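Asks: just need the structure, nothing else, for what follows:
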Amino acid sequence: MIEQRKINGDLRKERTTCTFDVEELTNYLDGGAEVTRKRRKFVNFFLNDSSFKNDVPGEYLSHQELYEETIRKVCILFDKIKKWSILNNDTDDIYLYIWQYGIDTAIMKQNIPLDVHVTMFLPTLIGQGTPEQQSEWVPRALSNEILGTYAQTELGHGTFIRGLETTSTYDSATEEFILNSPTLTSYKWWPGGLGHSCNYAVVLAQLYTQGIHRGLHSFIVQIRDSETWIPLPGIKIGEIGSKFGMNSANNGYLAFDNVRIPRKQMLMKNSLVHKNGAYEKSSHEKLMYGAMVFVRVLIVRSLVTHNLFKSVTIAVRYSAIRRQSKLKSGNSESQILDYQTQQYKLFPVIATALVYKFAAQWLWEKYSTVTSELAAGDLKHLPELHAMACCLKAVGTADAAIGVTTCRLACGGHGFMNSSNLPNIYTQTTAAETYEGENTVLLLQTARFLMKTYRTVKTGSFSTSTTLSYMENYNDLKKRRWTSTLECMASAFYQVAGSKIEDCNLTIKRLVNSGVTQEDAWNQTSIKLTHASEAHCRAFVIDVYLKILQTSTFSTEIMKVLTDLGELICACWIINRLGDFLQFSNLKPCDVQSIQYLLEDCLKRIRPNAVGLVDSFDIHDNILDSTLGCYDGNVYERIFEEANKSPLNKEPVNRSFELYLKPFLKSNI
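Replies: This next block holds a predicted model:
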């Protein structure tokens with residue numbers, strides 16, 4: 001448990017009003033009491049190391065200083081990972097825990113350059129390498145003998161990876177591939193750690209053998225000398241420069257000029273180039289995109305839920321401490337958490353965090369199942385996994401960015417300070433709206449799956465799947481009477497999703513019948529298609545949450561507060577998209593007022609448990625890294641201490657006075 005210390009009086013009082021056992025909910029969210037114990041031990045092992053501390057916050061460092069300090073910490077972090085493995089005889093998913101628990105951003109506030117080494121370079125070697133290639137490369141990557149990145153995106157192409165321009169041409173005379181970057185737009189652009197931190201990369205390039213274009217394939221390429229770190233001949237490499245955030249991630253660019261690599265350095269688990277250049281195509285070529293699916297799953301599981309947990313913890317605790325204005329004349333200033341408008345900002349964010357937490361757990365389990373099936377050659381569930389990973393990543397990151405922004409605004413001016421950590425959390429969150437697939441494109445990818453599935457339903461050849469079974473009966477659900485219960489509202493989300501998918505299909509069919517090409521019909525329906533994918537995602541998220549409540553064994557008190565949160569998020573999402581529900585579900589205009597009443601009642605019911613709920617997320621102060629969100633609530637003391645870390649406060653008079661201000665003032669006399 002968190003150490004005992006002086007606790008702000010308002011926070012202490014808030015914790016006495018909580019109606020449920022905070023530790024019970026923490027254990028459930030972790031996956032059991034033993035997992036909670038291990039997580040706390042794991043987090044403390046890393047974050048209680050004084051070598052990670054900074055006297056000067058990172059935002060005051062220059063771009064170069066920030067990178068160099070980050071690399072210093074990364075080396076310590078990776079060394080501690082090895083020590084943890086030895087001390088605890090534990091090698092399972094350590095890197096995933098680092099990401100999932102937010103240890104990397106607690107140590108290096110703006111992300112670390114070697115995240116991609118763990119999240120994409122290694123998984124690609126494992127997923128696309130032959131057994132021989134795995135035995136050669138994976139141990140070297142796991143032991144950090146080599147440091148890698150994943151070079152896919154180019155200056156001129158991102159999500160549309162078939163348009164990538166980098167080429168790899170096979171020379172059978174030397175049994176080598178020749179890599180080239182034929183244009184400026186073919187430069188690899190954005191890979192994390194590529195700038196100066198890695199000496200190897202998995203490079204996606206258009207393969208040519210025997211004069212024939214074979215499509216995109218993955219290659220292992222050494223880009224820097226392992227002793228001197230000098231770029232190898234034919235390699236042009238550098239950092240892409242300052243960004244909106246995540247400036248310690250060392251995103252880079254990379255170009256090739258007739259760079260030769262051995263034939264064995266094409267990852268050949270799914271496709272093979274023989275010595276003579278003959279090409280053997282895999283029947284499952286989409287398996288090469290497994291690393292992208294994995295990262296999208298990881299984004300939903302870790303970044304979306306964790307950043308929502310962090311931001312709403314900060315905002316709720318601060319709102320319990322901050323007092324402003326008076327609700328009643330003659331009383332003292334009120335806690336801003338008592339204002340309904342503040343509750344309306346924050347309580348839906350708590351609910352959003354939890355519904356995505358449960359949906360992310362489903363996605364992770366689905367990913368694990370499908371991965372096992374793929375190993376056995378069974379691909380039937382891969383399209384569904386891909387579709388759900390796309391839309392959950394797209395809708396989840398968009399909702400998370402809105403949620404973090406709402407939390408920042410709920411903290412007023414203090415939320416704008418870097419010391420609140422909310423600006424940093426926001427940049428991490430909004431960055432995910434475009435990396436690993438731009439969100440609009442991902443929604444359209446989900447829409448293709450939905451359209452295909454809808455048509456199979458209409459032909460009677462539909463095989464029921466986890467996420468699409470509602471397509472067979474969503475119209476029947478519209479005949480039910482509206483009751484504003486959680487079950488009824490969850491049903492309405494599926495009614496809306498099914499109807500929107502049906503409407504898209506009819507629109508495309510009408511356009512095609514009028515002489516419009518299939519491609520143009522798709523483009524002219526694309527706004528509706530993205531909305532249908534979003535509706536499908538929200539229906540799925542709500543359904544997963546409802547099933548958790550129906551199948552899990554909670555105490556009566558936790559069941560009540562989770563039900564309150566479920567009703568709240570349903571009411572909020574319905575009111576925010578009221579037109580859709582009036583048009584496509586069994587909701588009638590006369591029922592709308594009942595949803596508004598429900599929303600307002602949920603806010604009242606959740607209010608006593610607000611601090612208890614964010615406490616149940618059990619986020620270490622060093623991970624929150626916020627003057628506003630600390631467990632003890634000593635906000636103003638921490639704000640003042642942090643302000644005095646500014647280099648401008650190290651001396652009473654800055655030299656700019658003598659250089660500029662004083663002459664300026666004298667000139668005006």
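Asks: what sits against Gly148?
Replies: Val116, His117, Phe121, Leu122, Leu125, Ala141, Cys198, Asn199, Tyr200, Ala201, Val202 (C-beta atoms under 8 Å, 6 or more residues apart in numbering). The way it works is simple: take the backbone N, C-alpha and C, and place the C-beta from them, glycine included.
Asks: now name the helix or strand holding Arg260.
Replies: Per DSSP states H and E: Arg260 is located in strand 259-262.
Asks: average pLDDT for that strand?
Replies: Mean per-residue pLDDT for strand 259-262: 98.
Asks: buried ones among the contacts of Gly148?
Replies: Val116, His117, Phe121, Leu122, Leu125, Ala141, Cys198, Asn199, Tyr200, Ala201, Val202 (16 or more other C-beta atoms under 10 Å).
Asks: moving C-terminal from the helix or strand where the first one lies, which element do we reach first?
Replies: Element membership of Val116 [criterion: DSSP H and E] is helix 115-116. Stepping forward along the backbone from helix 115-116, the first helix or strand reached (DSSP H and E) is helix 122-128.
Asks: show residues contacting that following helix.
Replies: 95, 133-134, 137-138, 141-142, 148, 150, 202, 218, 220, 267, 269-270, 287-288, 290-291, 294.
Asks: for the record, mean pLDDT for the following helix or strand past that helix?
Replies: Downstream of helix 122-128, the first helix or strand assigned by DSSP H and E is helix 131-142. In this model, helix 131-142 has an average pLDDT of 95.
Asks: report all helices and strands that helix 131-142 contacts.
Replies: helix 122-128 (3 or more C-beta pairs under 8 Å, 6 or more residues apart in numbering; DSSP states H and E).
Asks: for the helix it packs on, which positions count as buried?
Replies: For helix 122-128, by 16+ other C-beta under 10 Å, it's Leu122, Pro123, Thr124, Leu125, Ile126, Gly127, Gln128.
Asks: between the residues you listed, which is nearest Gly460?
Replies: Closest approach between those and Gly460, by C-beta to C-beta: Gly127, at 36.1 Å.
Asks: picking that back up, so can I have CSV of the contacts of Gly148 showing distance to Val457?
Replies: Formatted as CSV, those follow (distance: C-beta to C-beta, whole Å):
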residue, distance to Val457
Val116, 40
His117, 43
Phe121, 40
Leu122, 39
Leu125, 40
Ala141, 44
Cys198, 47
Asn199, 51
Tyr200, 46
Ala201, 43
Val202, 39
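Asks: what sits up against stretch 203-214?
Replies: 151-152, 161, 164-170, 177, 179, 188, 215-221, 254, 256, 266, 271, 273, 277-279, 281.
Asks: just those: which are in strands?
Replies: Judged by DSSP state E, strands contain the following of those: 151, 167-170, 177, 179, 188, 215-221, 254, 256, 273, 279.
Asks: quick check: PyMOL command selecting the buried ones in those.
Replies: Here is the PyMOL command that picks out the buried ones among the ones in strands among the contacts of stretch 203-214, judged by 16+ other C-beta under 10 Å:
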select buried, resi 151+167+168+169+170+177+179+188+216+217+218+219+220+221+254+256+273+279
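Asks: for the helix or strand of the chain with the lowest mean pLDDT, packing partners?
Replies: None of the helices or strands of the chain scores lower by mean pLDDT, DSSP states H and E than helix 290-298, at a mean of 78. Packing partners of helix 290-298 (3+ C-beta pairs under 8 Å, 6+ apart): helix 122-128, helix 340-375, helix 382-410.
Asks: mind listing what's buried along the longest one?
Replies: Read that as helix 340-375. For helix 340-375, using 16+ other C-beta under 10 Å, the buried residues are 342-364, 366-367, 370, 374.
Asks: can you pull the buried residues of stretch 46-57?
Replies: Here stretch 46-57 shows Phe46, Leu47, Phe52 as buried, counting by 16+ other C-beta under 10 Å.
Asks: name the residues that touch that stretch?
Replies: Contacts for stretch 46-57 (C-beta under 8 Å, 6+ apart): 69, 73, 76-77, 80, 84, 98, 103, 106-107, 109, 418-419, 620, 622-623, 642, 645, 647.
Asks: which among the residues you listed count as buried?
Replies: So, by 16+ other C-beta under 10 Å, the buried ones in these are 69, 73, 77, 80, 84, 98, 103, 106-107, 109, 418-419, 620, 622-623, 642.
Asks: any low-confidence regions in this structure?
Replies: The chain contains residues with pLDDT under 70 at 1-5, 91-92, 282-291, 461-465.
Asks: state the distance from the most centrally placed residue in it to Thr627.
Replies: Among the residues of the chain, the one closest to the centroid is Ile299, at 3.0 Å (C-alpha atoms, centre = their mean). Per C-beta to C-beta, to the nearest Å, Ile299 is found 28 Å from Thr627.
Asks: out of the buried residues of stretch 46-57, which is nearest to Arg455?
Replies: Phe46 (50.6 Å).
Asks: which stretch of helix or strand covers that closest one?
Replies: With DSSP H and E as criterion, Phe46 is part of helix 33-47.
Asks: look up phi and psi at Leu204.
Replies: Main-chain dihedrals, Leu204, degrees, to the nearest 10: phi -90, psi 130.
Asks: okay, and the beta partners of it?
Replies: Ser218 (DSSP bridges).
Asks: state the number of residues packed around it.
Replies: By the other C-beta atoms under 10 Å criterion, the neighbourhood of Leu204 contains 24 residues.
Asks: measure it to Met266 for me?
Replies: 11 Å.
Asks: now do the shared contacts for those two.
Replies: Joint contacts of Leu204 and Met266 (C-beta under 8 Å, 6+ apart) are His217, Ser218, Phe219.
Asks: give the single residue among those residues positioned nearest to Ala490.
Replies: Using C-beta to C-beta, Ser218 comes nearest to Ala490 of the shared contacts of Leu204 and Met266, at 41.3 Å.
Asks: before I go, just wanted to say thanks for your time.
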